[in-house]
Structure formats: structure tokens, C-alpha cells
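>>> can't give you the sequence, but here's the structure:
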Ligand SMILES: Nc1nc2c(c(=O)[nH]1)N[C@H]1C(S)=C(S)[C@@H](COP(=O)(O)OP(=O)(O)OC[C@H]3O[C@@H](n4cnc5c(N)ncnc54)[C@H](O)[C@@H]3O)O[C@H]1N2
Ligand code: MOO
């Protein structure tokens, strides 16, 4: 039996990232970048107007006032997206411009249209304008070659937008793991069928497949198994052959019908650990084949829920080469007492309240069953120690989302 932190670091020691593949940036959402990507262009890439108005030479308007307005002659127009030859702003002239359009040569400021009186091509200005007013310089928002994405970053909508607007059509990302879920248990049946005494409805298949689906993992095969030594062995062998990651639920404890630890041995896997000082999820198994990672999670759906957020998160992050493998832990204060074990970490569900003190307050939910923790916003890590934890004690927590 090992500690939670040791378990987490053993994953890091034993799991290498998969190889990379090239994808269209628009298809890379949720994937982990395999490279550094820099801005191919500056933003904005050309000097552009920040307003609908008139491009001018600031010096022409130096004497303008409401009593003695300065009149300039409009000699052209530039709209956003105009790519042709630009009219020039010479002394005494102005060019009509629109937001996002190029600044014509000669101009050094823009006057917004509300501030002028226009009579056909005679535009009259009643105030001076500061040089540079209402125009955007090249590279003002972002310099060319700015790093947009580091290797090991998981791409969200911000990265996708930044890459696209800086000229990247494609990006190298780590391949997604092929995953097989082995859901075991003779007692487990699917909803829609009436329960007989001794049977329960399957929580782990919908739980894990949805958890993975929410995180955009697509290459998933689900196999439901009976508690039979040969069946488990055969299914595990096949899963190991065809996947990068095998995740099982149930059948990993010490009962006469718990076959996963034996099957892993028989199939020549290296057991890295079995059993972690924690509640729930004590008989967690981590084993390793030549090409495949095997994570055996105890069947209790509350343990599956927490193991997904803590351990599956870490395994996937490592397989995908993220630079900061999860779970991301935060700090907060307990909003009520919580029981703990002297020997095991207790993963406890909690609801988040934001206190007037600006801190995150965690209201613990008692019980480790899925039906108890499934309304939680957070999972609190209650360290192993004698006695209760009190309201106000600082704890580590991870977000459920
Ligand atoms: N003598 C001992 N017995 C047990 C120990 C122990 O140390 N000594 N550990 C207990 C702990 S802690 C856990 S956790 C469980 C884990 O057992 P398994 O991984 O073998 O899981 P199962 O027995 O297959 O299932 C546990 C529980 O969860 C229910 N279950 C299983 N699959 C599903 C599913 N897909 N959907 C809904 N519910 C499911 C199952 O019916 C059991 O009630 O072992 C303890 N025993
Ligand atoms: O360690 Mo087990 O998940 O029942 O509590």
C-alpha cells in the first residue's frame, strides 16, 4: 500500500507521451501541443483605423476651433478589406476611413465622424487632433514571433483563436490515446431492463464514457464483462493489444471474483502499484505492458468518479505530454468540520461558496457514494491524520467541471 503522492509520482515516472500528429488548428481543440508556435505575423499586420471617420495630418488641424473650423478636401475612401492602391493624404486633404481599414499614406491621425461636419467632399474640423489618435500601429496588439503556444499546453478556444489569427492553419499535437474501458460485474445491468434481486444498474459505463466524452476523447471502446477469470483475461489481452490505455472498473479487490490483478500478472504486465492509502478507491491498480498503460479502478462508482478526476486525469495528461499534468490542486478553507482517517487520505465532495473574505469556502458533503458526491463542485483532499478537520482549516481541492 502506498501514499497518494507516491501513486501520483509513479504515474509520472512510468508514462511517456505518445507521438505527435499534424492537425488543422480548427480540429485541435482540447489537444496538447507538441510544439512551440509563434505568431507568423504582427497584429495588426498593417496600420489601421480604430474608428469610422477621416484620416488626416494632425498638423493640418493644429489651428482648428469651433469658431474657426479647418476645412479639408476629401480625396478618397478606404474601407476594411480594401486591398488596392491607397489614396494619399496631402496637405489640405483627408481620406474617409472605416474601422479596421488601412491608414492611407501621409495620414497620422483619425478623427471620428461624429466630430466633423461633412458637406459632400468638404469636411470641416472644429478641434485639433493628437498625432496617432484613433489609429492602430503595426504590432501594437502583438509582435511578430510572440510565443502563442508552448509545447505541452492543452489548447482551448483562446489558443485556437490566437493560432488562427496569427496565420497558423495547422499545428502538431500529441495523438489521442486509444482507450478501452472494461466494465466488470455480474450484478451490473443496463437501464431499461427490470432489476432482479441482487442486480444494480451500471453507473460506471455512463460515468467514464461521459467523463471522457466531455474532454473530447473519441477513440474509446467499451466492453462489459462478467466476473469470470477467463473472460477477464481474454478481454484484457485484447484490450492491451489494441489500446494505449486500458481502464477497468470493479474486480480489483481481494474477493474470489476479483480477477484483474491476477489477469495483469498472467499477461505479463508489470504491476507498478496496487492499493493506495485513500478513501474511496483503495484497491487502485496501476500496471504497465510493453505499449499499454492499465489503470484498474475499484467498482464503487464514487471511487470511479474520484479516480477519474485524480488519476485518470493524470494518466491522460502524461500520455498526452502536458507540461503540467493534473489534477490541478487549489487551496481553500473548510466551511464546516469534516471527518478524516488517521491512515488514509479522504477524498471528500464539497460545494464551493465564495466568501466575503475573497477566499474559496468548501462546504463538505458527507459520504463517498456517487449519489452523495455527484452534486459536488469540488473534491477536497482531506489529509490522513488523527481527529476531525475544523471549519476554517485550509485544505487542497480540485474542481469538478
Ligand atoms: N475483504 C475485503 N473486501 C474488500 C476490500 C478489502 O480490502 N478487503 N476493499 C473494499 C474496497 S475499499 C473496495 S473500493 C471494493 C473494491 O472492490 P472491486 O474493485 O473488486 O469492485 P467490485 O466489488 O466489483 O465493486 C464494488 C462495488 O461497486 C459496485 N459496482 C461495480 N461496478 C459497478 C457499476 N458498473 N455500476 C454500479 N455499481 C458498480 C459493486 O456492485 C459493488 O457494490 O472492495 C471492498 N472489499
Ligand atoms: O476504497 Mo473503497 O473505494 O470502498 O472505499
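Thanks, I have it. Keep in mind the model is a prediction, meaning the values are calculated, not measured. Ligands and ions are numbered 1, 2, ... in the order given.
>>> now residue 54. Nearest residue, chain neighbours left out?
Nearest residue to residue 54 in three dimensions, chain neighbours excluded: residue 94, at 4.5 Å (CB to CB, 6 or more residues apart in numbering). C-betas here are computed from N, CA, C, even on glycine.
>>> what's the helix or strand for the one you found?
strand 93-97 (DSSP states H and E).
>>> and that strand, what other elements does it pack with?
Counting by 3 or more CB pairs under 8 Å, 6 or more residues apart in numbering; DSSP states H and E, the packing neighbours recorded for strand 93-97 are strand 53-56, strand 70-78.
>>> for the last one, which outside residues touch it?
The set of residues that contact strand 70-78 without belonging to it, under CB atoms under 8 Å, 6 or more residues apart in numbering, is 49, 54-56, 60-61, 63-64, 86-90, 92-98, 101-104, 118, 121-125.
>>> just the buried residues of the residues you listed.
Among the contacts of strand 70-78, those buried by neighbour count (16 or more other CB atoms under 10 Å) are 49, 54-56, 60-61, 64, 86-87, 89, 93-98, 101-104, 123, 125.
>>> still on that earlier bit, partners of the strand holding residue 94, with directions?
In the sheet, strand 93-97 lines up against strand 53-56 (antiparallel), strand 70-78 (parallel) (DSSP bridges).
>>> which SSE is immediately downstream of it?
As the chain continues past strand 93-97, the following element, by DSSP H and E, is strand 109-112.
>>> partners of that following strand, with directions?
Strand 109-112 is paired, per DSSP bridges, with strand 53-56 (antiparallel).
>>> I'd like the average pLDDT over the partner strand.
Averaged across strand 53-56, the pLDDT comes to 98.
>>> related to what we said a few turns ago, contact partners for the residue nearest to residue 54?
Residues in contact with residue 94, defined by CB under 8 Å, 6+ apart, are 54, 55, 56, 72, 73, 74, 75, 107, 123.
>>> one more time with 6 Å
Taking CB atoms under 6 Å, 6 or more residues apart in numbering, we find residue 94 in contact with 54, 56, 72, 74, 123.
>>> ok, which pair from these is furthest apart?
The most widely separated members of the contacts of residue 94 are 56 and 74, with 10.5 Å between them, by CB to CB.
>>> looks like residue 227 contacts residue 186 (just checking).
Yes. With contact defined as CB atoms under 6 Å, residue 227 counts as touching residue 186 (4.9 Å).
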